[in-house]
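Trainee: I would like the atomic coordinates for the input below:
(one chain, ligands or ions: 1)
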Amino acid sequence: MCGIIGYIGEKPAMPILIDGLRRLEYRGYDSAGVAVMEDTIALHKTVGRIADLERVVPPVSSGTMGIAHTRWATHGGVTEENAHPHMSMDQSIAVVHNGIIENAGNLRQRLIETGIEFRSETDTEVIVHLISREIEAGRTPLEAVRRTLMLLRGTWGVAVMIHGYDEVICARNGSPLVIGIGEGEMYISSDPHPLSSHTSRVIFLDDGDIAVISRSGVETHRTDGPTDHMIVTIEDQWGDSDMGDYPHFMLKEIHEQPEAIRQCISGRTLVSEGNARLGGLSLSAKRLRLLPHVRLIGCGTALYAAQVGRLAIEHLARVPSFAHVASEFRNNDPVIDSKAVYFAVSQSGETADTLAAVKAIQAKDAEVMGVINVVASSIARQCGQGVYIHSGPEQAVASTKAFTNMVAALNLFALQIGRARDMPRTTGRTMVKALRALPDQVQSVIEDKAPYSAAVELLKDAKSVLFLGRGFSAPVASEGALKLMEIAYIPCLAYPAGEMKHGPIALLEEGSPVVVIAPDDVHRDKTISNIEECKARGARIILIHTEGDVIAEHGDVCFTIPSTEESLSPMLSVVPLQLLAYYTGLALDRDVDRPRNLAKSVTVE
Ligand code: M6R
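Mentor: As a prediction, this is how the structure comes out:
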């Protein structure tokens with residue numbers, strides 16, 4: 001989704017900004033632009049990729065201060081006019097903005113009445129005209145930005161450059177901004193990753209902060225005056241983040257799952273005690289024993305991992321657990337019990353809906369723990385405690401290794417809470433053993449010479465695909481459908497298998513592909529009946545089942561997974577579904593790493 005990068009220092013800004021934009025590409029965007037302070041502000045924008053922007057920027061640019069942006073369209077179509085930066089009418093002020101200005105319509109109308117001519121359809125453009133009005137009235141840049149922000153309703157991470165002033169003004173409200181501190185130079189980014197090649201010393205702005213950034217330092221302010229800020233040292237979590245020998249990040253990340261799971265469980269299981277220890281959770285055994293319930297919130301893949309997690313907590317610990325769509329939970333006036341535990345599940349740690357839900361829960365005096373991949377991300381910092389899932393960088397838009405590690409982390413929690421309650425040590429030991437076997441088991445599924453091309457043949461021209469599973473496999477069905485939909489653009493529907501006969505069965509006709517996830521668990525026999533109901537209507541069954549199970553005779557194309565504990569089976573059964581989505585996407589010539597319209601970090605509500 002939208003990304004911001006900024007620079008002020010001694011070096012030419014343009015190459016630094018373009019490099020920063022490249023590092024933000026993984027977030028997803030549809031247009032990009034850059035503004036560099038020369039004698040006047042030089043502005044360059046384009047629809048498409050950063051490579052397209054590079055073609056329109058001059059080969060040499062001497063300006064040492066600039067701001068740049070990748071845009072993911074919200075207000076207004078994908079056009080050059082709507083791309084950021086946006087400029088004041090006299091071209092003396094440039095603004096880039098992430099987030100949404102909710103009262104932009106009214107402000108726009110009022111500005112038009114004073115003679116302002118808008119060049120774009122964006123909500124952002126009101127910001128630059130409002131700042132311009134304040135500058136014309138003789139205010140300093142800081143005052144102009146502060147007074148403008150007081151008129152806005154919504155969310156922003158914003159960076160402003162004003163001709164005649166050797167500083168960049170930034171502000172944050174609900175949309176992250178990080179300032180990187182160098183020697184005689186400063187960087188601004190919406191995401192710590194682009195800063196990692198320049199500096200490890202950063203300041204994370206908080207909501208309500210305004211920062212005045214010059215070559216020599218940063219001053220931070222709030223609406224009522226100056227405020228302190230904390231400089232923190234971050235590690236580059238991305239390390240070697242290129243594709244290596246893989247043709248796509250998605251395939252690379254699928255293959256990284258065994259190692260990622262090892263990282264997630266390493267040091268967190270206690271073999272002889274048959275227990276797990278998640279050091280980031282400040283939950284005493286007494287608190288765990290008395291928990292009335294657990295609620296987990298997330299979006300997309302993280303939501304499906306949360307659904308697996310809630311089943312694991314109920315199954316292993318017998319504690320009522322619920323998984324919620326973050327955007328719905330927050331806006332449905334939820335009853336919050338401060339004795340309960342809430343988990344926010346997110347790969348990026350930046351998802352706006354999840355972050356907003358966290359704040360809503362905290363506002364009602366309950367604790368939220370993060371189950372997060374990106375260290376020091378907004379949700380991780382907002383929660384203040386939780387479990388890092390340690391998947392390593394996930395750059396493909398389709399989430400893969402984060403799902404398996406979220407499920408692993410939530411199983412560890414389910415084990416910990418189960419052991420604090422009534423789970424016998426022997427059961428705990430069995431779980432620990434099964435968890436430790438998972439990396440090798442996932443490896444074997446990845447390496448299996450399974451019939452992917454036969455399954456792709458069934459899927460690639462389908463009008464729609466139905467995914468079915470029961471119990472722990474119901475969220476896996478949802479995740480499989482999401483993967484195929486986002487990578488191959490095929491309409492997919494996921495249903496608990498028993499619910500299929502209450503509606504979706506009407507879709508089935510001769511040759512309709514149905515993907516069934518049926519490991520050898522308590523639901524297996526009932527799922528066989530559902531398979532037969534589908535076959536009776538001409539459906540072709542792509543079946544994921546446990547090795548050696550005679551259920552294979554019910555499938556047309558079969559994929560096998562090793563046997564494991566019930567609550568861990570999603571970590572195995574999801575792998576063929578990820579690969580199926582990948583290979584079907586390839587067969588249809590899709591951009592599998594950057595599917596259309598999607599963003600990696602969804603930072604708008
Ligand atoms: O970063 P998060 O885990 O919070 O992201 C949540 C969803 O946006 C994400 O899982 C999305 O659905 C992916 N494209 C799924 O592959």
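Trainee: M150 and D224 touch, don't they?
Mentor: No. In this structure, M150 is not within contact of D224 by Cβ atoms under 8 Å, at 11.2 Å. C-betas here are computed from N, CA, C, even on glycine.
Trainee: in terms of contact count, name the helices or strands touching the longest helix seen in the chain.
Mentor: The helix that spans the most residues within the chain, counting by DSSP state H, is helix 425-447. Taking 3 or more Cβ pairs under 8 Å, 6 or more residues apart in numbering; DSSP states H and E as contact, the helices and strands that helix 425-447 lies on are helix 257-265, strand 269-270, strand 275-276, helix 401-420, helix 569-587.
Trainee: tell me the mean pLDDT over the third one?
Mentor: Averaged over strand 275-276, pLDDT sits at 95.
Trainee: Just checking, which helix or strand succeeds it along the chain?
Mentor: Of the helices and strands lying after strand 275-276 in sequence (DSSP states H and E), the nearest is helix 285-290.
Trainee: Okay, buried residues for that next one please.
Mentor: Of the residues in helix 285-290, those scored as buried under the neighbour-count criterion (16 or more other Cβ atoms under 10 Å) are L288.
Trainee: Contacts for it, please.
Mentor: Helix 285-290 is touched from outside by K339, Q416, I417, A420, R421, with contacts defined as Cβ atoms under 8 Å, 6 or more residues apart in numbering.
Trainee: Kindly recompute the last result at 7 Å.
Mentor: Counting by Cβ atoms under 7 Å, 6 or more residues apart in numbering, the neighbours of helix 285-290 from elsewhere in the structure are I417, A420, R421.
Trainee: And for stretch 561-572?
Mentor: Surrounding stretch 561-572, the residues in contact under the criterion Cβ under 7 Å, 6+ apart are 308, 311-312, 315-316, 404, 407-408, 411, 414, 430-431, 434-435, 438, 441-442, 444-445, 472, 475-476, 519-521, 544, 546-547, 573.
Trainee: Looking at the contacts of helix 285-290, which one is closest to V465?
Mentor: I417 (36.2 Å; Cβ to Cβ).
Trainee: Could you list which residues are in contact with the residue in the stretch 151-300 of the chain positioned nearest to the ligand?
Mentor: Nearest residue of the stretch 151-300 of the chain to the ligand, counting by Cβ to the nearest ligand atom: G300, 1.9 Å away. Under the criterion of Cβ under 7 Å, 6+ apart, the contact list for G300 reads S399, L482.
Trainee: Get me the contact residues on the stretch 451-600 of the chain for the ligand.
Mentor: L482, E486, L598 (Cβ under 6 Å from any ligand atom).
Trainee: related to what we said a few turns ago, just the buried ones from the contacts of stretch 561-572?
Mentor: With burial judged by 16+ other Cβ under 10 Å, the buried subset of the contacts of stretch 561-572 is 308, 311-312, 315-316, 404, 407-408, 411, 414, 431, 434-435, 438, 441-442, 444-445, 472, 475-476, 519-521, 544, 546, 573.
Trainee: doesn't W72 make contact with Y29?
Mentor: Yes. Under the criterion of Cβ atoms under 7 Å, Y29 is in contact with W72, at a separation of 5.1 Å.
Trainee: Now for these two: what residues contact both?
Mentor: C2.
Trainee: Between these two, which is the more surrounded one?
Mentor: Using other Cβ atoms under 10 Å, the more surrounded residue of Y29 and W72 is Y29, with 25 against 22.
Trainee: Mind checking what secondary structure the more buried one has?
Mentor: coil (DSSP: H, G, I helix; E, B strand; the rest coil).
Trainee: Most proximal residue of the stretch 351-500 of the chain with respect to the ligand?
Mentor: In the stretch 351-500 of the chain, the residue found nearest to the ligand is T351; the distance is 3.3 Å by Cβ to the nearest ligand atom.
Trainee: Now do the phi/psi pair for that residue.
Mentor: In terms of degrees, to the nearest 10, the main-chain angles of T351 are phi -60, psi 120.
Trainee: how about it, what does it touch?
Mentor: For T351, the set of contacting residues under the criterion of Cβ under 7 Å, 6+ apart consists of C299, S601, V602.
Trainee: Going by distance to S196, which of the residues you listed wins?
Mentor: The nearest member of these to S196, counting by Cβ to Cβ, is S601 at 16.3 Å.
Trainee: Looks like that closest one contacts S348 (just checking).
Mentor: Yes. Under the contact definition of Cβ under 7 Å, S601 touches S348, with a separation of 4.3 Å.
Trainee: Mind checking which of these two has more residues around it?
Mentor: For S601 against S348, the residue with the higher neighbour count under other Cβ under 10 Å is S601, and the figures read 27 against 24.
Trainee: mind listing what the more buried one touches?
Mentor: The contact partners of S601, by Cβ under 7 Å, 6+ apart, come to M1, R27, S348, E350, T351.
Trainee: Need the max-distance pair from those residues.
Mentor: The two members of the contacts of S601 with the most space between them (Cβ to Cβ) are R27 and T351, at 11.8 Å.
Trainee: Residue in the stretch 1-150 of the chain with the shortest distance to the ligand?
Mentor: G28 (8.9 Å).
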